[in-house]
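Engineer: the following comprises the amino acid sequence and a computationally predicted model.
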Amino acid sequence: MRPGQEDDSGTAPYPGGTYPWLVVAILLIIFSVAFLDRVVMSILVVPMQRDLGINDLQAGILMGPAFVLSYALAGMAMGYLADHHNRRLLLFGGVALWGTATFASGLLENFSALLVARMLVGLGESCIVPATFSLLADYFPPNRLGRASAVVTIGNSVGAGGALLGGGAVLAVASTQALVPIDLFSRSAPWQQVLLLFGALSLVAALLVMMIREPERRRGDAPVADHPRAGRFLPFALQNRRAILLILAPYILVALCLNAVSAWIPTVLVRKFALEPGEAAMSFGLITVAVVPFAAIGGGYAADRLSEMRRGGRYLLIPALAPFAALGVTLIWLSAEYWLAMTGLVLIMAVGSGLSNSVFAAITEISPPAVRGRFLGLYAVLASLIPVGLGTTVVPLVNDRIFGEPTMLDASLALLCVPCILLALACIPNGRICYERLRSAR
């Protein structure tokens with residue numbers, strides 16, 4: 001279907017010209033600044049601990065649970081608002097909220113206040129997925145929606161890399177001089193200046209949202225009377241609870257390892273190899289930018305090829321890649337050489353990114369159309385609460401209770417990640433049987 005033509009449901013034509021791609025560019029920026037504000041805390045742990053006296057567990061809470069609990073709890077409500085109200089205004093409000101909260105974090109000087117600010121960041125960002133992809137579905141016909149969505153989601157790696165590279169550079173500069181020649185910045189610590197700058201960037205991005213025109217909502221190809229009632233997902237989930245658990249568990253366990261490593265690797269590099277926080281952030285940022293986009297695309301392509309070659313083949317990507325993640329975290333732990341540790345980090349980021357990109361196609365392949373959206377939503381909630389919430393906090397807990405030595409964070413990462421990957425692999429035989437059964441019954 002060409003832009004400007006009516007779709008099969010008889011509604012107004014899709015917007016034509018270049019404007020829909022301007023919307024994509026704006027949403028790409030929104031995704032980027034969202035991940036900028038989400039990831040930046042991982043590079044600020046050491047200077048924040050030095051200035052505020054917080055411990056590793058408190059730092060982990062700021063990076064994970066403080067953000068993810070409000071993000072996950074508000075997700076369904078934001079989905080409802082995106083379905084029934086103006087999505088542009090919802091997105092503007094969310095960006096403005098998380099930008100203000102990030103900016104305010106640069107003015108705070110105690111753990112409790114930072115905890116509240118990070119919860120507000122999570123609340124603001126909970127609107128981004130439902131509002132963004134609802135807007136895209138009304139701007140692009142189905143045969144072009146995948147490309148548009150792919151461009152927008154590049155913002156994940158752009159924002160994460162920007163937080164690490166840009167944040168590291170900003171942290172280094174702010175250590176010698178104020179970033180902006182105004183009193184607010186000159187009186188602030190370097191880590192506070194990073195938060196002030198990133199918060200200001202998000203507030204500017206909020207203004208860009210107002211350039212988006214709210215499109216007409218499309219009814220889709222199916223008549224409204226054929227749409228499933230909301231109550232049908234619960235019987236499906238209960239009837240297939242064991243299969244769903246076995247299928248999703250390996251993806252979630254690998255994601256748990258990826259989030260734990262992403263949250264704590266800058267601190268590991270500082271403590272193990274005596275890097276400055278800015279240097280550690282830039283090293284991690286370079287790997288993120290160089291590896292993640294290509295690994296995500298490659299993982300999706302490999303999963304498609306496996307699916308064409310054999311039934312349930314997409315699911316076989318997990319046992320093919322997961323052992324390399326175990327090798328990677330072991331290298332980080334046991335390597336005395338910096339370059340070997342970086343090799344391990346490359347392996348972990350490549351595996352995690354490759355699998356995280358393929359999981360949504362896997363869920364789509366096995367879920368009945370009537371419950372597909374809620375099946376994806378279930379994974380999104382679990383993938384937020386477990387990997388992000390636990391990945392940031394279990395590592396310092398293990399380190400405090402078992403090793404009791406700040407320099408042993410790398411060992412704590414290995415003690416969490418290697419068993420998780422082994423457990424993920426143990427789920428594969430029965431998980432594949434369940435995968436093929438659900439796929440055949442779809």
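Structural biologist: Nice, I can see it. Keep in mind that what you see is a predicted model, and the values were worked out from it rather than measured. Residues are numbered from 1 along each chain as shown.
Engineer: tell me the helix or strand right after the lowest-mean-pLDDT helix or strand in the chain.
Structural biologist: Within the chain, no helix or strand scores below helix 142-153, which has a mean of 64 by mean pLDDT, DSSP states H and E. With elements assigned by DSSP states H and E, the helix or strand that comes after helix 142-153 is helix 155-174.
Engineer: quick check: which helices or strands does that following helix pack against?
Structural biologist: helix 19-39, helix 190-209, helix 277-309 (3 or more CB pairs under 8 Å, 6 or more residues apart in numbering; DSSP states H and E). C-beta: built from backbone N, CA, C; applies to glycine.
Engineer: how about low-confidence regions in the stretch 201-350 of the chain?
Structural biologist: For the stretch 201-350 of the chain, applying pLDDT under 70 flags the ranges 218-233, 300, 304, 312.
Engineer: should've said the stretch 1-150 of the chain
Structural biologist: Counting by pLDDT under 70, the low-confidence segments of the stretch 1-150 of the chain come to 1-12, 76, 142-147, 149-150.
Engineer: the helices in it, which residues?
Structural biologist: Here the stretch 1-150 of the chain has its helices, by DSSP state H, counting those that start in this stretch, at 19-39, 45-52, 56-63, 65-84, 87-105, 111-125, 128-139, 142-153.
Engineer: can you list those helices in TSV and add distance to Pro266?
Structural biologist: Below are the helices of the stretch 1-150 of the chain laid out as TSV (distance: least, CB to CB, whole Å):
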stretch	distance to Pro266
helix 19-39	10
helix 45-52	7
helix 56-63	11
helix 65-84	17
helix 87-105	18
helix 111-125	17
helix 128-139	24
helix 142-153	24
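Engineer: and this structure, what are its domains?
Structural biologist: Domain segmentation of the chain under automatic domain parsing yields 14-218, 232-442.
Engineer: now these in CSV, with mean neighbour count?
Structural biologist: Below are the domains of the chain laid out as CSV (neighbours: other CB atoms under 10 Å):
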stretch, mean neighbour count
domain 14-218, 20
domain 232-442, 19
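Engineer: which residues touch the closest residue to Leu179 other than its chain neighbours?
Structural biologist: Closest residue in space to Leu179, ignoring its immediate chain neighbours: Gln193 at 5.0 Å, by CB to CB, 6 or more residues apart in numbering. For Gln193, the contact set (CB atoms under 8 Å, 6 or more residues apart in numbering) comprises Gly106, Val170, Ala174, Ala178, Leu179, Val180, Phe185.
Engineer: likewise Leu316?
Structural biologist: Residues counted as contacts of Leu316 (CB under 8 Å, 6+ apart) are Leu306, Arg310, Arg432.
Engineer: let me see the mean pLDDT of the strand or helix carrying Leu413.
Structural biologist: In this assignment (DSSP H and E), Leu413 forms part of helix 409-441. For helix 409-441, mean pLDDT is 89.
Engineer: tell me what that helix is packed against?
Structural biologist: Helix 409-441 sits against helix 241-273, helix 317-334, helix 338-366, helix 394-398, with contacts defined as 3+ CB pairs under 8 Å, 6+ apart.
Engineer: now do that helix: distance to the chain's middle.
Structural biologist: Chain-centre distance of helix 409-441: 20 Å, with CA atoms, centre = their mean, to the nearest Å.
Engineer: do the same with stretch 110-126
Structural biologist: Averaging C-alpha positions (CA atoms, centre = their mean) puts stretch 110-126 17 Å from its chain's average.
Engineer: who's in contact with that stretch?
Structural biologist: 34, 37-38, 41, 52, 54, 58, 61-62, 66-72, 74-75, 77-78, 93-102, 104-105, 108.
Engineer: CA atoms of that stretch as PDB?
Structural biologist: What follows is stretch 110-126, C-alpha atoms only, in PDB (Å, rounded to 0.1, in the frame of the first residue of the first chain):
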ATOM      1  CA  ASN A 110      20.900  12.400  49.900                       C
ATOM      2  CA  PHE A 111      19.800   8.900  49.000                       C
ATOM      3  CA  SER A 112      16.100   9.200  49.900                       C
ATOM      4  CA  ALA A 113      15.600  12.200  47.600                       C
ATOM      5  CA  LEU A 114      17.500  10.500  44.800                       C
ATOM      6  CA  LEU A 115      15.300   7.400  45.300                       C
ATOM      7  CA  VAL A 116      12.100   9.500  44.700                       C
ATOM      8  CA  ALA A 117      13.600  11.200  41.700                       C
ATOM      9  CA  ARG A 118      14.600   7.900  40.100                       C
ATOM     10  CA  MET A 119      11.000   6.600  40.700                       C
ATOM     11  CA  LEU A 120       9.700   9.600  38.800                       C
ATOM     12  CA  VAL A 121      12.100   8.900  35.900                       C
ATOM     13  CA  GLY A 122      10.600   5.400  35.700                       C
ATOM     14  CA  LEU A 123       7.100   6.800  35.900                       C
ATOM     15  CA  GLY A 124       7.800   9.200  33.000                       C
ATOM     16  CA  GLU A 125       9.500   6.600  30.800                       C
ATOM     17  CA  SER A 126       6.600   4.100  31.200                       C
END
